[in-house]
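Novice: With the sequence up front, the predicted model follows.
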Amino acid sequence: MNQADLSKLVSALRIAVKPKPKLFSSPEGPAGRLKKLSATVTALVKYERIELNYPRAEEAQGYAERLISDAIRNGDCHKHTMEMADYWLNEKQLVHKLFKVLVPRYQNYNSSFTRLVRGPTTYPGYYAGTAILELKGNPFPPLKPETHNYHYWLHNVLLEEAKKEFRSAREERNAGTTESVTAES
Amino acid sequence: MLRKAVLQTFRQGLAQSFFKRNAVSLSETTVTHQPIETSNEAGERSVSTQKTSDDSGNTVVVAPPEFRFMYPEFLPDPAMETRNRLKEKLERMDMLQRRSVIEIPEFYTGSIMAVTVADANSPNKFAKFVGICIQRGGSGLRAWFILRNVVDKQGVEILYEMYCPLIQKIEVLRLERRLDESLLYLRDALPEYSTFSFDMEPERRLNNSVVPINPLKVKLRPRPWLERWERQNLQGVEDLKLPQVFYDRAAKVAKPWEKYDLMLHYRKTIPAEEQEKIFAEVHSQLQQQELKRKLRRRRGPDSEQ
């Protein structure tokens, strides 16, 4: 039965979702995988910026986005959403933070709610490297420098014009030489 | 100079094609749609056209939320590897084209239906089968449903592809739902739960707006069964009364964490925004087809005579 499951209405996530989930081995098996990821999601909601290994960060990002998007769509009176929040957030005060702080913060967002930035990969060490997973709108200084549009700065304008002049001069020279060639032939 | 000009036209061409694609999709969503309401619509179920306004203030047609249950085959297969938006769009166009030729009514698992198929080898050239829909699946033009009946003490199941051109008529004799989405357990149930007369007449519904849920609990035959029904959390089956060992083994094999696996649910379904887009695209045509059929039915006996 490859029909879409209609029992739940789900908001579209604004992150890249891979077709297959990443499996994490643990003594408890698949149940342990979700337990580990719930610890990561709890830490993310508690500290708003965490540094961890990249594969786990990638998976936890999906679950965090799903949790927040469900909270925004359904609110705190929805039984299923409350059950999910209860499972994924191990500290119960974070359930309050989710509905009272994060939902209003992300209510009108058109982008994803989390940001995943790759961190250093130290050799020798874990091959996949580290990552920093953070909730957007956190109070800390930004991880990446702000991107400004520098093209209208004077030195860049002058450089662009110089480039255009150089290119047009070269094309004229080439056109001159090809014309002379065709004239000869 | 030449290279620059070529680059420019190439970029322009790309931009034009991109703009055209976007412009087409925009015009689809911002069409103002006046719902055509005839005076005798009181008894019929009103499929309300919900109008919401987008940012620019134009009214946007949004299909009612029940559409995803009425026409689940319009939603594509959620498997990400095989999704292709263009293919899905073309498929939806073909589905609407087929629906304009033949009426494919709303039905659910548990509804009793009669299907007439063109059959070259039968004396009448048509073959009719009546049965209860035990399962439906597939997406797009490959949507199918299985009808089950017991004929001469022999259980018979036929899988029909809804958009197959050989199908002449699909009629819903009794429109209702059951407590489960899949009634495969009827194979192990007593035969009276799967027996329906081929002469069954279509039943008139008293309340048109809500599809009734039949809370019937079916009695199963004694074991052995085809599947381990105790592991499937069936609502529509009477208490199985198995020894406790069965339930213990079921608990061992169960995956209770899947209930909390948010990404698993996400990968199994289509997000709400995409569903809305798909049904908004398809909604007005489906409504028009329904209206035409209603008018034809009303005018039918007079115009035919």
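Specialist: Yep, that arrived.

Novice: Domains in chain A, by residue range?
Specialist: A:7-135, A:148-184 (the TED database).

Novice: Quick check, pLDDT for the residue nearest to A:Lys35 when sequence neighbours are not counted.
Specialist: Counting by C-beta to C-beta, 6 or more residues apart in numbering or on different chains, A:Glu28 is the residue found nearest to A:Lys35 once chain neighbours are left out, at 6.8 Å. Yep, even glycine has a C-beta here, placed from its N, CA and C like the rest. Predicted confidence (pLDDT) for A:Glu28: 93.

Novice: And A:Glu28, how far from A:Lys18?
Specialist: Noted for A:Glu28: a distance of 23 Å to A:Lys18, by C-beta to C-beta, to the nearest Å.

Novice: Can you list the low-confidence ranges for the chain?
Specialist: Went with chain A since none was named. A:1, A:184-185 (pLDDT under 70).

Novice: meant chain B, my bad for not saying
Specialist: For chain B, the stretches flagged by pLDDT under 70 are B:1-61, B:300-305.

Novice: And the helices in it, which stretches?
Specialist: Here chain B has its helices, by DSSP state H, at B:2-29, B:67-70, B:85-101, B:244-253, B:262-267, B:272-304.

Novice: Check which helix or strand the residue nearest to A:Lys35 maps to.
Specialist: For A:Glu28, there is no host helix or strand (DSSP states H and E).

Novice: longest single strand anywhere in chain B?
Specialist: Across chain B, the longest stretch assigned as strand under DSSP state E is strand B:126-137.

Novice: Could you list every helix and strand in contact with that one?
Specialist: Contacts defined by 3 or more C-beta pairs under 8 Å, 6 or more residues apart in numbering or on different chains; DSSP states H and E place strand B:126-137 against strand B:112-118, strand B:144-151, strand B:154-161.

Novice: So which bits of the shortest one are buried?
Specialist: By neighbour count, and taking 16 or more other C-beta atoms under 10 Å in any protein chain shown as the criterion, the buried residues in strand B:112-118 are B:Ile112, B:Met113, B:Ala114, B:Val115, B:Thr116, B:Val117.

Novice: do stretch A:22-35 as well
Specialist: A:Pro30, A:Arg33, A:Leu34, A:Lys35.

Novice: between those, which is closest to chain B?
Specialist: Nearest to chain B among the buried residues of stretch A:22-35 is A:Leu34, at 4.9 Å by C-beta to the nearest C-beta.

Novice: A:Thr182 is in what secondary structure piece?
Specialist: Going by DSSP H and E, A:Thr182 is in helix A:154-184.

Novice: That helix close to chain B?
Specialist: Yes: among the residues of helix A:154-184, A:Arg167, A:Ser168, A:Glu171, A:Glu172, A:Ala175 lie within reach of chain B under C-beta under 8 Å from any C-beta of the partner chain.

Novice: residue ranges for the helices of chain A, please.
Specialist: Here chain A has its helices, by DSSP H, at A:30-47, A:54-74, A:79-88, A:92-97, A:103-106, A:154-184.

Novice: out of the ones you listed, deepest packed?
Specialist: Comparing the helices of chain A by mean neighbour count (mean count of other C-beta atoms under 10 Å in any protein chain shown), helix A:54-74 comes out on top with a mean of 22.

Novice: What helices and strands are in contact with it?
Specialist: Counting contacts by 3+ C-beta pairs under 8 Å, 6+ apart, the secondary-structure elements packed against helix A:54-74 are helix A:30-47, helix A:79-88, helix A:103-106, strand A:114-118, strand A:130-135, helix B:262-267.

Novice: Take these and write them to a markdown table, including distance to A:Phe24.
Specialist: Listed next are those as a markdown table, based on distance: least, C-beta to C-beta, whole Å:
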| stretch | distance to A:Phe24 |
| --- | --- |
| helix A:30-47 | 5 |
| helix A:79-88 | 16 |
| helix A:103-106 | 27 |
| strand A:114-118 | 17 |
| strand A:130-135 | 15 |
| helix B:262-267 | 13 |
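
Novice: between these, which gets nearest to B:Trp144?
Specialist: Taking C-beta to C-beta, helix B:262-267 is the member of these nearest to B:Trp144, at 22.4 Å.

Novice: Now that closest one - C-alpha only, CSV.
Specialist: These are the backbone C-alpha positions of helix B:262-267, laid out as CSV (Å, rounded to 0.1, in the frame of the first residue of the first chain):
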residue,chain,number,x,y,z
LEU,B,262,8.3,11.7,13.9
MET,B,263,10.5,11.4,10.8
LEU,B,264,9.0,8.0,10.0
HIS,B,265,5.5,9.5,10.0
TYR,B,266,6.8,12.4,7.8
ARG,B,267,8.3,10.1,5.3
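
Novice: interface residues of the stretch 101-250 of chain B facing chain A?
Specialist: Residues of the stretch 101-250 of chain B lying close to chain A (C-beta under 8 Å from any C-beta) are B:Gln135, B:Arg136, B:Gly137, B:Gly138, B:Ser139, B:Ala143, B:Ser182.

Novice: can you tell me which residues contact the fifth one?
Specialist: Under the criterion of C-beta atoms under 8 Å, 6 or more residues apart in numbering or on different chains, the contact list for B:Ser139 reads A:Asn2, A:Gln3, A:Ala4, B:Glu73, B:Leu75, B:Pro76, B:Asp77.

Novice: at 6 Å what do you get?
Specialist: Applying C-beta atoms under 6 Å, 6 or more residues apart in numbering or on different chains, we find B:Ser139 in contact with A:Gln3, B:Glu73, B:Pro76, B:Asp77.

Novice: For the third one, give me its contacts.
Specialist: By C-beta under 6 Å, 6+ apart, B:Pro76 lies in contact with B:Glu88, B:Ser139.

Novice: in the sheet, who's paired with the residue nearest the centre of chain A?
Specialist: What sits nearest the mean C-alpha location of chain A, by C-alpha atoms, centre = their mean, is A:Arg115, with 4.1 Å. For A:Arg115, the beta-bridge partners are A:Glu134 (DSSP bridges).

Novice: From what I see, it and A:Glu134 are in contact.
Specialist: Yes: counting by C-beta atoms under 6 Å, A:Arg115 does reach A:Glu134; the two are 5.3 Å apart.

Novice: Now do the nearest residue to A:Ala128 once chain neighbours are set aside against A:Phe24, distance only.
Specialist: Excluding the flanking residues, the one nearest A:Ala128 by C-beta to C-beta, 6+ apart is A:Tyr54, at 4.6 Å. Going from A:Tyr54 to A:Phe24 by C-beta to C-beta gives 13 Å.

Novice: rewinding a little: next one: the residue nearest to A:Ala128 relative to A:Asn90, how far apart?
Specialist: 23 Å.

Novice: Over to B:Ile132?
Specialist: 46 Å.

Novice: So for these two, which sits in the more crowded spot?
Specialist: Counted by other C-beta atoms under 10 Å in any protein chain shown, B:Ile132 and A:Asn90 do not tie: B:Ile132 has more neighbours, with 24 against 16.

Novice: coming back round to it: for the longest strand of chain B, which outside residues touch it?
Specialist: Applying C-beta under 6 Å, 6+ apart, the external contacts of strand B:126-137 come out as A:1, A:3, B:109, B:111-117, B:119, B:145-149, B:158, B:182-184, B:186, B:196, B:198, B:200.
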